[in-house]
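>>> what follows is a predicted protein model with its sequence.
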Amino acid sequence: MSFSSDIKSELLSNMLTIQDQHCKIAELEAIINICGYVSADNCYKFIVIHSDNIDILKLAIDLIADIFNITINFSNNEIVIKDSNLVDNMIRILGIKDSNDFSLNAPINPKSVVRNCCKRAYIRTAFVCCGSVNDPSKHYHLEFADNDYEHSKNLVELISDFGIEMKIVERKNRYVVYCKEAEQIVDLINVMSAYKALLEFENLRVVKEVRNNVNRIVNCETANINKIVNTAVRQIDDINYIAESKGLDYLPENLRTIAEVRLLYPDSSLKELGEYLNPPIGKSGVNHRLKKIHEIVEDLKGGHCYD
């Protein structure tokens, strides 16, 4: 199973234990807003809930039974509610959007999400219906793929009540509410009360960050080593050029001494080279002398002479 599937399974399992009627109303409203619609045929209104996820349809049936004390079934991945009294009661209690009554307010009924527990219930049900999250060991991305722009905006506002910033982008005629920040994703998983998934996410996140840090350190050290080696090779080439063309006695004593030490210790750092001298000198002093040797080499190659 994917990480998204694990979270949804945990959420569905947790939702079966919800006892508060107001939270159940928020859950059912989320299902209908995302997976359903209200329409009419010959002046009779009916509600349709469609999902390829059978667990969502089963949850909707259980919620309708608990809230309205009515037993219904589904077929062909759909729940079709035609009982006019039930439809009217659902529209009234849930405050769901009626496609034939555009005078109704935003898709999320503010009265359904007054309490924080109901906000959490709505958000986690929305995630079960249209959400997904990437495996945190790869990259961080959590999203809700919605069909309704107004509902997407409402969802962003609802999630922002918990201090979590989401963004909206249009993708293939759908409105995607998404977040790419690891901290924000952790907070949202916590809001949805998927605590097992939260621990798994944090564990995978820690492993990923440790690996990234190790890679950065190794890359940095490799780059430094390469730089040191290349610099040492150039310094030795400079010294050998002078030795072959003029002899090391051509150099002033202070430069000749550091040149001889560099030839003796080709793998040593500048700091170590300075400690080999008598009296010792610092890293900057060694660097200065080797730069002077390089300048002399450049002058010799350019035709200048210090004799």
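Thanks, I have the structure now.
>>> what residues of stretch 42-50 count as buried?
45-47, 49 (16 or more other Cβ atoms under 10 Å). All C-beta atoms are positioned from the backbone trio N, CA, C, and that covers glycine.
>>> elements contacting the longest helix seen in the chain?
Across the chain, the longest stretch assigned as helix under DSSP state H is helix 195-245. Applying 3 or more Cβ pairs under 8 Å, 6 or more residues apart in numbering; DSSP states H and E, we find helix 195-245 packed against helix 3-15, helix 182-191, helix 253-264, helix 283-301.
>>> present those helices as TSV; the columns should include mean pLDDT and mean neighbour count.
Shown next, in TSV, are the helices and strands packed on helix 195-245 (pLDDT from 0 to 100; neighbours: other Cβ atoms under 10 Å):
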stretch	mean pLDDT	mean neighbour count
helix 3-15	90	18
helix 182-191	93	19
helix 253-264	89	17
helix 283-301	90	16
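>>> nearest to Ala223, out of these?
Ala223 sits nearest to helix 283-301 of all those, at 18.8 Å, using Cβ to Cβ.
>>> which residues of the stretch 101-250 of the chain score low on pLDDT?
Scanning the stretch 101-250 of the chain for pLDDT under 70 picks out 101-106.
>>> OK, contacts around the nearest residue to Arg256 once chain neighbours are set aside?
Sequence neighbours aside, Leu248 is the residue nearest to Arg256 in space, at 5.2 Å (criterion: Cβ to Cβ, 6 or more residues apart in numbering). Going by Cβ atoms under 8 Å, 6 or more residues apart in numbering, Leu248 touches 239, 242, 256, 259-260.
>>> which of those residues sits closest to Val191?
Ile239 (66.2 Å).
>>> separation between the residue nearest to Asp55 when sequence neighbours are not counted and Leu188?
Excluding the flanking residues, the one nearest Asp55 by Cβ to Cβ, 6+ apart is Leu12, at 5.4 Å. To Leu188, Leu12 is 17 Å away according to Cβ to Cβ, to the nearest Å.
>>> cool, and Arg205?
According to Cβ to Cβ, Arg205 and Leu188 sit 14 Å apart.
>>> quick one, phi psi at the residue nearest to Arg256?
Note on Leu248: its backbone torsions stand at phi -70, psi -20 [degrees, to the nearest 10].
>>> from what I can see Cys130 touches His151, true?
No. Between Cys130 and His151 there is no contact under Cβ atoms under 8 Å: 9.9 Å.
>>> name the helix or strand for the residue most central in space within the chain, please.
Of all residues in the chain, the one closest to the mean position by Cα atoms, centre = their mean is Tyr140, 2.3 Å from it. Using DSSP states H and E, Tyr140 sits in no helix or strand.
>>> got a list of what the closest residue to it other than its chain neighbours touches?
In space, not counting the residues next to it along the chain, Tyr140 is nearest to Ala182; the distance is 4.6 Å by Cβ to Cβ, 6+ apart. Neighbouring residues of Ala182 by Cβ under 8 Å, 6+ apart: 136, 140, 205.
>>> kindly report the same for Lys208.
Applying Cβ under 8 Å, 6+ apart, the residues near Lys208 are 136-137.
>>> repeat that for 6 Å
Applying Cβ atoms under 6 Å, 6 or more residues apart in numbering to Lys208 gives the contacts Ser137.
>>> would you check how far apart it and Ser132 are?
From Lys208 across to Ser132, the span is 19 Å (Cβ to Cβ).
>>> Phe68 too?
31 Å.
>>> circling back: possible to save the helices and strands packed on helix 195-245 as JSON lines with distance to Ala197?
Listed next are these as JSON lines, based on distance: least, Cβ to Cβ, whole Å:
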{"stretch": "helix 3-15", "distance to Ala197": "4"}
{"stretch": "helix 182-191", "distance to Ala197": "6"}
{"stretch": "helix 253-264", "distance to Ala197": "59"}
{"stretch": "helix 283-301", "distance to Ala197": "52"}
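>>> out of those, which is closest to Asn173?
Closest approach to Asn173 among the helices and strands packed on helix 195-245 (Cβ to Cβ): helix 3-15, 21.5 Å.
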